[in-house]
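Q: generate coordinates for the sequence data below:
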Amino acid sequence: MNDKIDLNDRIDHEATPYARPDYDRKRRCGWPEVIYGEGKTADQIVAIFQRLLDKNEPDAQGRRSPIFATRCSAEKYQQVQEQMPELQYDETARIIYDHKPETGIGLVAVFCAGTSDLPVAEEAALTAELMGANVRRVYDVGVAGIHRLLAQEEVLNEANAVVAAAGMEGALPSVIGGLTSTPVIAVPTSVGYGSGFGGLSALLSMLNSCATGMAVVNIDNGFGAGYMAAAINAQSV
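A: Predicted structure coming up:
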């Protein structure tokens, strides 16, 4: 029996000069390729969207995974919408998407320290929703008024995964990690004064945390945190 893989089966013969969509990613990784919109033109985003949508096969229940693009400005969305008016947009999360799942599973809780962290927190929350999770948002519960966080213990313990976004000194995820056994994905944000170094102080604080059960993604990487939380959630239900 010859088990050799024919690489031609994995090549996109319709690839553009600037992109080779990965149609096989859902089979390998459980989710289709997500478009990183920053740095791409509207025409490039449209072309990639169309290819991914064309190859987006339904599951056994006839449902298709949402296709979405992150880090897209409102101006870029307007340009994209001219060619694909069916696409939707969340201005805070800066995500363009084709649809949301009708129902969600499990629970992902997304916490953020302050209102300034909302763009990153919403990127995480909407990513998890698009990937099929029920999401509960708990915002403006930073440690400067820790009673606000302590009042959310029930949410922390109900969730299958928690995303915690914070700038400044980045203390919120460590405190959450000391309150719950739920896995915590910490997201340092580039919010803070000069010595915050664009989120580096928060990143180092989170990496040096003594709280167990906590992992850290890169600065402002709400998408990565939401993706990981949704994956943990899917394994938990």
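
Q: just checking, what packs against the longest helix along the chain?
A: Taking DSSP state H as the criterion, the chain has its longest helix at helix 222-236. Helix 222-236 sits against strand 105-112, helix 118-130, strand 133-138, strand 161-166, strand 184-188, with contacts defined as 3 or more Cβ pairs under 8 Å, 6 or more residues apart in numbering; DSSP states H and E. Bear in mind the C-beta positions are built from the backbone N, C-alpha and C, glycine included.

Q: could those be laid out in CSV, adding distance to Leu207 and mean neighbour count?
A: Shown next, in CSV, are the helices and strands packed on helix 222-236 (distance: least, Cβ to Cβ, whole Å; neighbours: other Cβ atoms under 10 Å):
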stretch, distance to Leu207, mean neighbour count
strand 105-112, 19, 26
helix 118-130, 17, 27
strand 133-138, 23, 20
strand 161-166, 13, 32
strand 184-188, 9, 31
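
Q: turn the ones you listed into JSON lines, including distance to Thr70 and mean pLDDT.
A: Formatted as JSON lines, these follow (distance: least, Cβ to Cβ, whole Å; pLDDT from 0 to 100):
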{"stretch": "strand 105-112", "distance to Thr70": "15", "mean pLDDT": "97"}
{"stretch": "helix 118-130", "distance to Thr70": "7", "mean pLDDT": "98"}
{"stretch": "strand 133-138", "distance to Thr70": "16", "mean pLDDT": "98"}
{"stretch": "strand 161-166", "distance to Thr70": "15", "mean pLDDT": "98"}
{"stretch": "strand 184-188", "distance to Thr70": "14", "mean pLDDT": "98"}
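
Q: adding distance to Lys76, write these out as JSON lines.
A: Formatted as JSON lines, the helices and strands packed on helix 222-236 follow (distance: least, Cβ to Cβ, whole Å):
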{"stretch": "strand 105-112", "distance to Lys76": "24"}
{"stretch": "helix 118-130", "distance to Lys76": "15"}
{"stretch": "strand 133-138", "distance to Lys76": "25"}
{"stretch": "strand 161-166", "distance to Lys76": "23"}
{"stretch": "strand 184-188", "distance to Lys76": "23"}
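
Q: mind listing what's buried along the longest helix of the chain?
A: 222-234 (16 or more other Cβ atoms under 10 Å).

Q: what would the residues you listed look like in CSV with pLDDT and distance to Val162?
A: As requested, the buried residues of helix 222-236 are arranged in CSV below (pLDDT from 0 to 100; distance: Cβ to Cβ, whole Å):
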residue, pLDDT, distance to Val162
Gly222, 98, 14
Phe223, 98, 16
Gly224, 97, 15
Ala225, 98, 10
Gly226, 98, 12
Tyr227, 97, 14
Met228, 97, 11
Ala229, 98, 7
Ala230, 97, 12
Ala231, 96, 14
Ile232, 97, 10
Asn233, 97, 10
Ala234, 94, 15
